[in-house]
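Student: My questions concern the predicted model and sequence given below.
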Protein chains: 2
Amino acid sequence: MSKQECVVLGQDGTDGCCPGLLTVPLDEDRAETLAKVFKALGDPVRLRLLSMIASRAGGEVCVCDLTPAFDLSQPTISHHLKLLKQAGLIDSERRGTWVYYRLLPETTDQLAAILTRPAGAPATEPAGAVI
Amino acid sequence: MSKQECVVLGQDGTDGCCPGLLTVPLDEDRAETLAKVFKALGDPVRLRLLSMIASRAGGEVCVCDLTPAFDLSQPTISHHLKLLKQAGLIDSERRGTWVYYRLLPETTDQLAAILTRPAGAPATEPAGAVI
């Protein structure tokens, strides 16, 4: 796999080509790319939207089913959804009047992989967990 | 495990007590808690600092070894480290002149777990990856 492909695909946890966040120091370019995705997750409304979309049976949700769950205007919800989409976390499709959203699981899979410690790392300590 | 313990410990991926982000819709309190941690990761300098700390052999890094890697002032680096610490991602210990930082792996383990799709979820699609 070329370096360029590593940057695009992120870390797959198998071939050592694209090491995770916890394995070797991130270079600046990769840190910029990853920070944008984490920043998109750094808002409680966006996290709830992502969670609602990801957990929906059938795999997609109409925006008309998302908005009523929040005490926020439709444009505000649409703005948050746009940020999630720009981060590569969700995709959307317009069908008739409504836009439908679905998870892009490859992005959350990659985030999970880069946050996973390499085999042989010290065991998790029981104290100090905050989430 | 009580609901309160779930909130504190997050999702452990084993007993179904504290479902992940992708399994059931997040409630508001948990979304607020998680968003703070993701927000701490949503900055390239903080991601690089966390990566430098996590990947250091021996498990801890003197702040005097972190600062030279950045074209930023010591107070700016200390501010970013403080935000990572407040998010529960790292801990610190002062010894003599210097402060030493280490990863709190329980937090990154929990983030990885909540971003992991439940067994039986559709396979990752090859297209569309962005990180």
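Tutor: Good, I have the coordinates.
Student: those strands in chain A, which residues are they?
Tutor: Counting by DSSP state E, the segments of chain A that form strands are A:60-62, A:90-95, A:98-103.
Student: Can you lay out those strands as a markdown table showing mean neighbour count, distance to chain B and mean pLDDT?
Tutor: For the C-beta atoms, the positions are set from N, CA and C on the backbone; glycine is no exception. Compiled in a markdown table, the strands of chain A are given as follows (neighbours: other CB atoms under 10 Å in any protein chain shown; distance: least, CB to the nearest CB, whole Å; pLDDT from 0 to 100):
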| stretch | mean neighbour count | distance to chain B | mean pLDDT |
| --- | --- | --- | --- |
| strand A:60-62 | 17 | 10 | 95 |
| strand A:90-95 | 14 | 7 | 97 |
| strand A:98-103 | 18 | 7 | 96 |
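Student: TSV please, covering the ones you listed and showing distance to B:Ser78.
Tutor: Listed next are the strands of chain A as TSV, based on distance: least, CB to CB, whole Å:
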stretch	distance to B:Ser78
strand A:60-62	42
strand A:90-95	36
strand A:98-103	37
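Student: Quick one, which of those strands gets closest to B:Pro75.
Tutor: For those, the distance to B:Pro75 is smallest for strand A:90-95, at 37.6 Å, taking CB to CB.
Student: what's the closest non-adjacent residue to A:Arg94?
Tutor: Distances taken as CB to CB, 6 or more residues apart in numbering or on different chains place A:Tyr100 nearest to A:Arg94, at 7.7 Å, with adjacent residues excluded.
Student: Distance of the one you found relative to B:Ser55?
Tutor: In this structure, A:Tyr100 and B:Ser55 are 40 Å apart, going by CB to CB, to the nearest Å.
Student: now swap in A:Gly42 and tell me
Tutor: In this structure, A:Gly42 lies at 23 Å from B:Ser55, with CB to CB as the measure.
Student: shaky segments in chain A?
Tutor: Screening chain A residue by residue with the criterion pLDDT under 70, one finds the ranges A:1-19, A:120-131.
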